[in-house]
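**Q** got a sequence here, can you build the structure:
(one chain, ligands or ions: 2)
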Amino acid sequence: MDAGQLWLYREKIDPAGVTEVSIGPDTPPAALRHLAGAAPLSLTKLTIGDERARPDLTWRYLPNLVRHLDDIIGGSPELRELTIAKCPIQRIPDSVAGLAGLRTLVVSWTGIDRVPDWVFELPSLTGLGLAHNNLTELPPSVAAANRLIDLDLGFNKFAEVPSGIWALTGLERLTMQGCPLEKIPPDILRLPALTELVLGRRGRAGITVPPPEVVARGLTAIKSYWAQEQASGLDFLAEAKLLIVGEPGAGKTTLAKKILDAGYALDPDEGSTQGIGVFSWRFPSGVRAGDGLIERDFRVNVWDFGGQEIYHATHQFFLTKRSVYVLLCDERKEDTDFHYWLDVINLLSAGSPLIIVQNRKQGRGRPLDLGTLRQEYPNLVGTLAVDLSSNDGLAELLTRVRRELELLPHVGSALPKTWQNVRLALEADERSHISAEKFFEICAAEGFTREEDMRQLGGYLHDLGVCLFFQDDPLLGKTVILKPEWGTTAVYRVLDDPLIIESRGVFDPADLRRIWHEPAYQSMQGELLRLMGRFSLCFTVPGTTTYVAPQLLSGQRPSYRWDEPGDLTLRYDYDVMPKGIVRRLIVELHDLIEGNAVWRTGVVLRYDAGRAEVIEDHHRRRLLIRLAGRDPRVMLSVIDRALATIHRSFPDIRFERFRQCDCPVCAGADEPTMFPVRELEDFAVTGDLIQCRNSRRMMDPAVLLSELWKRAEVEAAQPAGPAEVYVSYERSEPAGELVAAIETTPGVLLVRRDPDELRYRDAVQRFLRWLGPRKIVVVVLDDAYVKSRTCMFELTEIAERPDFAKYVFVLADDALLEPLGRVRYARYWEDKRVELLREAEAAGLIEAVRDDVLLYERFRDTIARITDLLVGMNTTSRDELLQALSDL
Ligand SMILES: Nc1nc2c(ncn2[C@@H]2O[C@H](COP(=O)(O)OP(=O)(O)OP(=O)(O)O)[C@@H](O)[C@H]2O)c(=O)[nH]1
Ligand SMILES: [Mg+2]
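**A** Ligands and ions are numbered 1, 2, ... in the order given. Here you go, the predicted structure:
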């Protein structure tokens, strides 16, 4: 129960009988004092702050809290669960040391930078949460906390796992999400009970040992990596990818061939590259290994990407991290869309170095404005110029590329020797693909014994882009494609086929037999078709054997019916929008496509009674979703889930979701207000309203969000219990009698305000906010009320509530409802305002009364507006009101 409420109802509730209490940033000093003085309490759970609240909360009464906290904790010897969250107290209270029965201690977002030794000596502690603080290390005494099962150190500044943790043999769950870790050491094998290691994307980002591909596969993979390393010893990695991208005809294929052999003669008939070409390049190199250098043949796979637009969409599957990129442009043509290339590389390469190479082709164009590009794209490491016909600049380019390759952070990292051996064996294999069985045989020949370990290596090689091995796919999982370009070439043949282009992307099995007629492909048609699906290049029309490649669909939007009044608009705005998001969505959700309503950049989906229109506006980097139907949430969650899967494949994708305002002005507006969903969530948590920029109305974020998510989730946040009713009234006999009647209504809890604070304006505001948007307010509107400053202030605040008609009951004097009465009361405040102004003017104090003048103006307007407000509202008689309250 809320400490504030405990105090409000202090006459009804015996604190000794309460077991759970929470204290918030607005809990008044009197309530804290009350709690501190009520010892001994029988609390088992104490929550200070709210983990879901905004971190920048202001704690109004922090000094009071600090003063009383030790008494409250000390007076609660039974405590089992203590949470201090989003509260800047900056230390763990000493009184916690005495809590022998404490099982769970959470101290998060509190700004602490050290943890005292005694925390680890708490005899019953099994769960410790220290997330979102400034911790850089834990004392060695952590090793003493041998009962710990769950330890959360997330979002702190640990550069390594504190070594004492390796002694916690009972630890089952360790969270180090958001910490700048570089290594998960083999000591992890010393934690036999550990089943969960939470690192999160940010926590994983800096880890180089084990290799990121292993770390991304989770705890089991990490443990098995170290177990294998301990069994077979180490070798050092000297391998990387060089990716050459750029517009068609820039000279990429020529450059790739020149890298392998500088003497390669230009071929005027060099065919435009279909899909991707892969060449293997080696050079002797000294590779960093531990503290020294070792001699190794550095192995580079040079990937030469076809420049034509049709291939761009699949680049996202092959532009890997931990690679060196060359963006080649034909200097004479000046046709390179630098931003497009730099953006996609930025999005997918996780910070890999990029070199811009200008191919002069015996001509000279304008030099690039590198300064600005460099600022925007930090991974751009340099520019060079070459002339491939004379080899001018080629030697410098090679030196630079080699250096960038050698400097890649993963180069020189240790791998189990067995892994390296399998890698070499596969590379020496001439075949384009082998069966999974064959792959396991090769692994076994190199010393692997467990299939699990072999699969782990398979996954690692797949993630590295060395081979394609989709182990989770029942069909593709039977094959390891050793030469990825064999697969991509086959796949692109379909997209490049003139007949399929002519039929706007629609094809059938006969087409595939025609295109993949050679023996190399014939037996693999099923797998290749599946591969196209994996790259989101096509889908099967449900119930037929017809396939559609959305990329080749018409760009024209087909005509379809969309006259959905009250539809709901959502928008995704991307910082950088990768190509083909909607195309991947179409493939993902193809069984929901409504009739023929699908085109290259959009689709209409239907699911149950819900419909959705999704359109990509690549130019403005937006995805627009319109939802219709009685309950759009189901449809939305289907789309949301599919988009989340797609977004996951872009390591650095950033976007913001917006939801349209649903006030009447926005409903008809060309440019309705779009609220960022993040902001709505933020406001909803703190119970604040949010203003529409068109109508200036205050909207309830919880209501706006409730259409996006299942009501249950929204309502779960509302505490159940007796209906809480607040009565806003001015002391008078009839009003007092009514309050007493409400108080004795069964099932109703009357909420009172602290009379000491009553008179202060921001206290009223805070109180109403604390009261929350869904509690019931009864306004007793009579002559005394309308003439009282405090009451009128309350009324203007209450009248602002968006759910006014639903949760506010008004009992009004007849005189107030008549036009004449209203005019009279409006006049009352107008006269006051004029009088105040006149006197202040005479005394030369206009500035000093400005706030009050504005306030009176607001009162005047509120009264004038009151008929509007009372229309359709719960204006009621005394008996009706009491009846309604007892029915709640
Ligand atoms: N004169 C001259 N011709 C060049 C030079 N570099 C490339 N070429 C020619 O330009 C044409 C296109 O070169 P490619 O290497 O095929 O271009 P690409 O970037 O691979 O093109 P796509 O595969 O279509 O993306 C070929 O005929 C090359 O021989 C150069 O420096 N000078
Ligand atoms: Mg080429």
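**Q** the strands in the stretch 201-350 of the chain, which residues?
**A** 234-236, 239-245, 276-289, 292-305, 323-330 (DSSP state E, counting those that start in this stretch).
**Q** contacting residues around residue 300?
**A** Residues in contact with residue 300 (C-beta atoms under 8 Å, 6 or more residues apart in numbering) are 239, 240, 241, 242, 280, 281, 282, 283, 405. C-betas here are computed from N, CA, C, even on glycine.
**Q** of all those residues, which two lie farthest apart?
**A** Among the contacts of residue 300, the pair separated by the greatest distance (C-beta to C-beta) is 241 and 283, at 14.5 Å.
**Q** so for those two, which sits in the more crowded spot?
**A** Each of residue 241 and residue 283 has its neighbours counted (other C-beta atoms under 10 Å); residue 241 has more, 24 against 14.
**Q** and for the more buried one, nearest residue in space, chain neighbours not counted?
**A** Excluding the flanking residues, the one nearest residue 241 by C-beta to C-beta, 6 or more residues apart in numbering is residue 323, at 4.0 Å.
**Q** for the one you found, what are its contacts?
**A** Contacts of residue 323 by C-beta under 8 Å, 6+ apart are 240, 241, 242, 243, 349, 352, 408, 465.
**Q** between the contacts of residue 300, which is closest to ligand 2?
**A** Taking C-beta to the ion as the measure, ligand 2 lies nearest residue 242 of those, at 14.6 Å.
**Q** residue 299 is in contact with that closest one, correct?
**A** No: counting by C-beta atoms under 8 Å, residue 242 sits too far from residue 299 to count as a contact (10.9 Å).
**Q** now do the shared contacts for the two.
**A** With C-beta under 8 Å, 6+ apart as the test, residue 242 and residue 299 both reach residue 281.
**Q** out of the two, which sits in the more crowded spot?
**A** Taking other C-beta under 10 Å, residue 242 and residue 299 do not tie; residue 242 has more neighbours (22 against 19).
**Q** contacting residues for the more buried one?
**A** 259, 281, 300, 301, 302, 303, 323, 324, 325, 326, 401, 405.
**Q** let's see that with 7 Å instead.
**A** Contacts for residue 242 (C-beta atoms under 7 Å, 6 or more residues apart in numbering) come out as 300, 302, 323, 324, 326, 401, 405.
**Q** distance of the fourth one from residue 301?
**A** Here the criterion is C-beta to C-beta, to the nearest Å. By it, residue 324 lies 11 Å from residue 301.
**Q** just the last one next, same as before
**A** Counting by C-beta to C-beta, the separation of residue 405 from residue 301 is 11 Å.
**Q** the third one too?
**A** When distances are taken as C-beta to C-beta, residue 323 and residue 301 turn out to be 9 Å apart.
**Q** how about the fifth one?
**A** Noted for residue 326: a distance of 13 Å to residue 301, by C-beta to C-beta.
**Q** who has more neighbours, these two?
**A** Shown here are residue 326 and residue 301; by other C-beta under 10 Å, residue 326 has more neighbours (25 against 20).
**Q** how far away is the more buried one from ligand 2?
**A** Taking C-beta to the ion, to the nearest Å as the measure, residue 326 falls 13 Å from ligand 2.
**Q** and residue 274, by the same measure?
**A** The value you get for residue 274 to ligand 2, if C-beta to the ion is used, is 9 Å.
**Q** helix, strand, or coil at the closest residue to that residue other than its chain neighbours?
**A** Distances taken as C-beta to C-beta, 6+ apart place residue 492 nearest to residue 274, at 5.3 Å, with adjacent residues excluded. The local conformation at residue 492, judged by DSSP: H, G, I helix; E, B strand; the rest coil, is helix.
**Q** these two touch, right, residue 492 and residue 276?
**A** No: between residue 492 and residue 276 there is no contact under C-beta atoms under 7 Å: 8.2 Å.
**Q** tell me the pLDDT at the residue nearest to residue 274?
**A** pLDDT, residue 492: 88.
**Q** what's the overlap in contacts for residue 323 and residue 301?
**A** residue 241.
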